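A.B. asks: make a model of this:
(one chain, ligands or ions: 2)
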Amino acid sequence: MNIRIGQGFDVHAFGDGDHVVLGGVRIAHDRGVLAHSDGDVVIHALCDAMLGALALGDIGQHFPPSDPQWKGADSRAFLRRCNELIGERGWRVGNADVTVVCERPKVGPHAPAMRGLLAGDLGIDIDAVSIKATTSEKLGFTGRGEGIAAQAVVLLVGR
Ligand SMILES: Nc1ccn([C@@H]2O[C@H](COP(=O)(O)O)[C@@H](O)[C@H]2O)c(=O)n1
Ligand SMILES: C[C@@]1(CO)OP(=O)(O)OP(=O)(O)OC[C@H]1O
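C.D. replies: Ligands and ions are numbered 1, 2, ... in the order given. Have a look, this model is predicted:
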């Protein structure tokens, strides 16, 4: 069996707003995120992991922040396109594992919905998509509540 591994990491600063989007799920919050798109760090990290597994560059190269068509974009469109890119090359996601780092909002209650949306966009079973979360124990930029981070690992399987 042919396999490839990829990892991704993304950060967005918190700014004014009343919600964040994580894994395609809109979560009410007392802050928003500063971003060109919807600022979904879960999907951005996942896309970078998928692209990285095949050495296809990174999300900013495929969906440049200088391109007005991505302003306010729903990041699920990036995920579906990345899935097409790997599919065209004969690969599919075997499984994905994402960790979100922030003090707030609480991610755990939303993880099942995120897993369902992401699995649907990737065309894989929900059991192949993991969403975890941790605080950084009030340390660093995430600990001070200045921003939110996510890291992702994916295994790609050759068709
Ligand atoms: N934004 C977050 C952060 C954490 N969780 C959940 O809480 C557990 C404990 O977090 P620690 O950083 O204190 O280890 C963690 O394992 C997550 O289940 C969360 O849902 N959202
Ligand atoms: C997603 C893109 C889209 O233009 O912009 P941002 O929403 O700012 O997010 P980032 O994680 O910086 O990734 C770069 C871009 O591809």
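A.B. asks: what helix or strand is the closest residue to residue 58 other than its chain neighbours located in?
C.D. replies: Of all residues not flanking residue 58 in the chain, residue 48 sits nearest, at 5.3 Å (CB to CB, 6 or more residues apart in numbering). Where you see a C-beta, it was placed from the backbone N, CA and C, and this is true even at glycine. In this assignment (DSSP states H and E), residue 48 forms part of helix 41-53.
A.B. asks: helix or strand next in line after that helix, which one?
C.D. replies: That would be, after helix 41-53 and using DSSP H and E, helix 59-62.
A.B. asks: all helices of the chain, in order?
C.D. replies: 41-53, 59-62, 76-88, 111-122, 140-143 (DSSP state H).
A.B. asks: deepest of these, which one?
C.D. replies: helix 41-53 (a mean of 27; mean count of other CB atoms under 10 Å).
A.B. asks: what about that helix, near ligand 2?
C.D. replies: Yes: using CB under 6 Å from any ligand atom, a contact is recorded between helix 41-53 and ligand 2, made by residue 44.
A.B. asks: show me what that helix is packed up against.
C.D. replies: Here helix 41-53 touches strand 3-15, helix 59-62, helix 76-88, strand 91-101, helix 111-122, strand 147-158, going by 3 or more CB pairs under 8 Å, 6 or more residues apart in numbering; DSSP states H and E.
A.B. asks: please name whichever of these is nearest to residue 52.
C.D. replies: Counting by CB to CB, residue 52 lies closest to strand 3-15 out of those; the figure is 3.8 Å.
A.B. asks: related to what we said a few turns ago, to residue 141, which of the helices and strands packed on helix 41-53 lies closest?
C.D. replies: It is, among the helices and strands packed on helix 41-53 and with distance given as CB to CB, strand 147-158, at 5.1 Å.
A.B. asks: just checking: what are the partner strands of that closest one?
C.D. replies: Using DSSP bridges, the strands paired with strand 147-158 are strand 3-15 (antiparallel), strand 91-101 (antiparallel).
A.B. asks: what average pLDDT does it get?
C.D. replies: Averaging pLDDT along strand 147-158 gives 98.
A.B. asks: that one near ligand 1 at all?
C.D. replies: No: judged by CB under 6 Å from any ligand atom, strand 147-158 makes no contact with ligand 1; its nearest approach is 8.4 Å.
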